[in-house]
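J.: coords please:
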Amino acid sequence: MDMELAAAQLEALGNQTRLRLYRVLVRAGHDGLPVSQVQERLGIPASTLSHHLQRLIRNGLVSQERQATTLICRAVYPAMDALLGFLADEC
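T.: Next comes the predicted model:
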């Protein structure tokens, strides 16, 4: 893993709200969760959720997929595995 990517991903996860958001999505499994359920679980405004989701998406940690009128959010497990591997191997 590239040091720059690892630093960006760690920085993105360094925010408490984004870390809580990522934790919810990782625990949701490969099926992910609709945005509405994520918002409900975190208890934050939609605009705040959108801001934090975009940061995680930009750094490759989360993906979104539209299914009809529902937006599904998922943790990107290969990215998580790569970041954990980088930490274990390089740090």
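J.: Pull the contacting residues for the nearest residue to residue 34 once chain neighbours are set aside.
T.: Take residue 34 and drop its neighbours on the chain: the residue closest to it by C-beta to C-beta, 6 or more residues apart in numbering is residue 70, 4.9 Å away. No exception for glycine: its C-beta is placed from N, CA and C like everyone else's. Counting by C-beta atoms under 8 Å, 6 or more residues apart in numbering, residue 70 makes contact with 34-36.
J.: top of the residues you listed by neighbour count?
T.: residue 35 (17 neighbours; other C-beta atoms under 10 Å).
J.: Which members of the contacts of residue 70 are positioned in strands?
T.: Among the contacts of residue 70, the members found in strands (DSSP state E) are residue 34.
J.: any chance of the contacts of residue 70 in JSON lines, plus pLDDT and distance to residue 53?
T.: Shown next, in JSON lines, are those (pLDDT from 0 to 100; distance: C-beta to C-beta, whole Å):
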{"residue": "34", "pLDDT": "98", "distance to residue 53": "12"}
{"residue": "35", "pLDDT": "97", "distance to residue 53": "8"}
{"residue": "36", "pLDDT": "96", "distance to residue 53": "13"}
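J.: of the contacts of residue 70, closest to residue 14?
T.: Each of the contacts of residue 70 was checked against residue 14 using C-beta to C-beta; the closest is residue 35, at 22.7 Å.
J.: so what's the backbone phi/psi at residue 67?
T.: With angles defined as degrees, to the nearest 10, residue 67 sits at phi -120, psi 100.
J.: Equivalent analysis for the one 3 residues further on, please.
T.: Main-chain dihedrals, residue 70, degrees, to the nearest 10: phi -110, psi 140.
J.: Then residue 44?
T.: Dihedral pair for residue 44: phi -120, psi 160, per degrees, to the nearest 10.
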